[in-house]
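Engineer: Pasting the sequence and the predicted coordinates here, then a few questions.
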Amino acid sequence: MTDKDNQLLMGNEAIGQGLIEAGCQVAAAYPGTPSTEILQAVIDRAELAPEPLHIEWSVNEKIAFEVALAASYTGKRAAAVMKQVGLNVAADPFMRTAYLGVKGGMLTIVADDPGPHSSQNEQDTRLFCLQARVPVLDPASPAEAKSLVPVGFDLSERYEVNVVLRPTTRICHSRQNIVQQQPQRLERTAHFQKDPTRWAATPAFLPALHRKLNQHLAEIAREPGLQPQLTPGNGSRPRLAMVASGIVYSHLVDLLEELDLPRCCDLYQVIMPYPMNPDFCHQLHRAYDRVLILEETYPVIELQLAHPGAVGKQSGAVPREGELTPDVVHQVLADFLELSPPAELPAERRGQRPSLCPGCPHRAAFYNIKACFPKGIFPSDIGCYTLGMNLGAVNTVHCMGACISQGAGFYHAYAQDGEVPTIVVTIGDSTFFHAGIPALINAVIQQARIIVVILDNATTAMTGGQPVPHMGIAAGGKETRAVAIEPLVKASGVDFLEVCDPYDQEQFKTLLQQADAYTRRPDGGVAVLISRHGCIMDRAVRSGQPAFKISIDEHCVGCRKCVEAFECPALSMDPISGKAVVSQDRCIGCGVCIPVCPVDAIGKEDKA
Amino acid sequence: MKQQLIVSGIGGQGVLFLTRVIAQAAVNRQMPVLTAETHGMAQRGGTVLSTIKVGDFASPLIRAGQADVGLLLWEANLPVHRSLLRAEGRLLVNAAGAGEGQRIDASGIARDLGSAVLANLVLLGLAIRQKALFCSAGECETAIRQLAPVKLADQNLAAFRKGLQG
Ligand code: SF4
Ligand code: SF4
């Protein structure tokens, strides 16, 4: 094996490599933790593809799914990639696809986030698949995730169904030695065979399609290559069995090894949690009195098994929420096998909370929004700027694009009673394109009086800087037509539109006050302020702006305002002197903190 | 040969890079390796943890009291991640002051080299000097060369050697 064949890859990179090797020709995604690096890996490896490969960061997950879907109609292999809540956005086409099917292999890769670590919930895509009637594969390691990519395409093509691959955070963001293979050359040309009874199926055709789907699912459930894998026990506990899927299976394997209990009873790894083979269910009912079921996050296998001796989430033996870490599994296993209980875990301590980067333009915007409207209501959204919470300038965070409609909802509820507080919505540029535009149009036509601040940092920052539509750059740095924000805002019927660099704090505050006055004018309505300054993580932004040497002098009275209300991570209180200090390791010298200090103790000089 | 390691720090300190260097050293030895990393929101200056398991393992995560080695880039994480370490585990801490574990002012040394983020490799150097890791200094240098951007390779190696020589 050469070094090149055996590489250390992150699970997401392994999946991306798997897509290239399997001959995927259209890959579309919207970024979201923990799924983002999958499409990035496809971009990074695009030149390994022996045949043409279209890769896109779509504007949202619904679009990514539909683009991949139609490509599959032509007979080519296609993939849509998203995080678990992205599937909610793509739910509409996803559900119908189950009935209509696909042609070329179609893989929907949905990364779940048990915990959750970086998501607004810990929903289980496998349960979504159960309700959508879509086969789903649940890998237990990065290497297995890669190997299931061609398996999924193959299954998809043989039954003409969409197949879901569901890695979780611990697969996506784990690294492992991965063996690489030569990419397949499929030599397919696009050929869309028109069939209105299928691709445009009206209700008249749907019962037949539904029947066919159910037949397929019954057959898929018995697919020989996707059956639960048995590691037989040594016979010491003949009426007990353990069933696990995904990364929890791997935790269990290590744990049994470490406790010197390998083969203590029959152990099954479920690779396809839906559809499950009814023969497997019957066999478990017959052969075992008690069955421990370990899976993340919802009891999907447990529900289908319906075993009277099930020990799992339904029975209350396994925690119903949060990640099933090896420590949690240890506790559950000790109960199940009646072992001595593990040492009590120390109370979980939270580490340092995350915050907006030193010099982040969002901090300047949030600080001044809060300063202008201390009693305002601040709906916000998903992205780095969620961290505006630390500055008290983010009151709601719900799901992509919700902030504008929530802002409008707040307005209508308050307006009925008379007095309306200032409502300032903050939404990132990528989120605005994703789901903000219909909400903005709706706010305008429903005559909501709110201020919408579009935080335009020219990138999708939270997930590592994917391109946004107004920059004229597509996946992999390719040039494309830029779609600017301003004309979209104007065309949505907004008559108050201003653009300002939030580093220009005086001007920014003036515009916020003007916007507030506009929303309160008889002929007023929605006011939009674009807060425009590049993400500070972008090297070009950093090198393109002045950097001062910042220091705090003896006038500091220790009021903590710069540390707490402004919350720059480069500032902290010195426990000995009781005064604020600047960490030169972290300060980027933006100078935005200077006007924050009530006694002018923060000063700047040009860097030597 | 099996070893379980944790790397603890806050977003922006190069925890991921240090994790990759150690894991790459294992790959170069043809040893199986698994890591788990923190990505997403926490990377914005919040507490981040990587685990590295070298040898025959299935899961990338480490149970409480099972880590053989702890590399702490952020001293304040000690109360958060200390419990992952075995009683007899090796603890290496980036800290200027005295306290638990073997310590080095990695940030101070890195600052003198021109960039505080090099503290990660200074700490790695200390770990090798203390013979806490499964791999040798030469193997670390090879891995650093493989993973560092060409422009920064020399600076990275200098940081590693500072920690190595003390
Ligand atoms: S200049 Fe002030 S606001 Fe800017 S990074 Fe430094 S401490 Fe933070
Ligand atoms: S520097 Fe100014 S704002 Fe910060 S604590 Fe001192 S007096 Fe307060």
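Structural biologist: Done, it's in. Ligands and ions are numbered 1, 2, ... in the order given.

Engineer: near chain B, which residues of the stretch 1-150 of chain A?
Structural biologist: For the stretch 1-150 of chain A, the residues in contact with chain B (Cβ under 8 Å from any Cβ of the partner chain) are A:D3, A:N6, A:Q7, A:L8, A:M10, A:T33, A:P34, A:E37, A:H117, A:S118, A:A140, A:S141. Where you see a C-beta, it was placed from the backbone N, CA and C, and this is true even at glycine.

Engineer: Let me see the contact set for the last one.
Structural biologist: Applying Cβ atoms under 8 Å, 6 or more residues apart in numbering or on different chains, we find A:S141 in contact with A:G11, A:I171, A:S174, A:Q176, A:I247, A:S250, B:L34, B:A58.

Engineer: Distance from the chain centre to the longest strand along chain B, please.
Structural biologist: Using DSSP state E to define each element, chain B has its longest strand at strand B:85-94. From the chain centre to the centre of strand B:85-94 is a distance of 12 Å (Cα atoms, centre = their mean, to the nearest Å).

Engineer: Likewise for stretch B:22-41?
Structural biologist: 11 Å.

Engineer: ok, back up a step: keep only those of the contacts of A:S141 that are in strands.
Structural biologist: Checking the contacts of A:S141 against DSSP E, those in strands are A:S174, A:Q176, B:L34.

Engineer: coming back round to it: now list the buried members of the residues of the stretch 1-150 of chain A next to chain B.
Structural biologist: By neighbour count, with 16 or more other Cβ atoms under 10 Å in any protein chain shown, the residues of the stretch 1-150 of chain A next to chain B hold A:Q7, A:L8, A:M10, A:T33, A:P34, A:E37, A:H117, A:S118, A:A140, A:S141 as buried.

Engineer: Name the helix or strand for the nearest residue to the second one once chain neighbours are set aside, please.
Structural biologist: Right, A:L8. Of all residues not flanking A:L8 in the chain, B:V27 sits nearest, at 4.7 Å (Cβ to Cβ, 6 or more residues apart in numbering or on different chains). Using DSSP states H and E, B:V27 falls within helix B:15-28.

Engineer: so what does that helix touch, helix or strand wise?
Structural biologist: If you count contacts as 3 or more Cβ pairs under 8 Å, 6 or more residues apart in numbering or on different chains; DSSP states H and E, helix B:15-28 packs onto strand A:6-10, strand A:174-179, strand B:3-10, strand B:33-36, strand B:47-54, helix B:119-129, helix B:137-147.

Engineer: Between those, which one is closest to B:R161.
Structural biologist: helix B:119-129 (6.3 Å; Cβ to Cβ).

Engineer: How about residues contacting that closest one?
Structural biologist: So helix B:119-129 is contacted by B:9, B:13-15, B:17-18, B:21-22, B:69, B:71, B:73, B:90, B:92, B:94, B:102, B:104, B:106-107, B:109-110, B:133, B:135-137, B:140, B:144, B:156-157, B:159-166 (Cβ under 8 Å, 6+ apart).

Engineer: for the stretch 501-608 of chain A, what spans make up the helices?
Structural biologist: Counting by DSSP state H, counting those that start in this stretch, residue ranges of the helices within the stretch 501-608 of chain A are A:505-520, A:539-543, A:561-564.

Engineer: how about the ones you listed in a markdown table, adding mean pLDDT and mean neighbour count?
Structural biologist: Shown next, in a markdown table, are these (pLDDT from 0 to 100; neighbours: other Cβ atoms under 10 Å in any protein chain shown):
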| stretch | mean pLDDT | mean neighbour count |
| --- | --- | --- |
| helix A:505-520 | 98 | 17 |
| helix A:539-543 | 91 | 12 |
| helix A:561-564 | 96 | 18 |
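
Engineer: Would you mind putting those into JSON lines with distance to A:V85 alongside?
Structural biologist: Converted to JSON lines, the helices of the stretch 501-608 of chain A look like this (distance: least, Cβ to Cβ, whole Å):
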{"stretch": "helix A:505-520", "distance to A:V85": "31"}
{"stretch": "helix A:539-543", "distance to A:V85": "29"}
{"stretch": "helix A:561-564", "distance to A:V85": "31"}
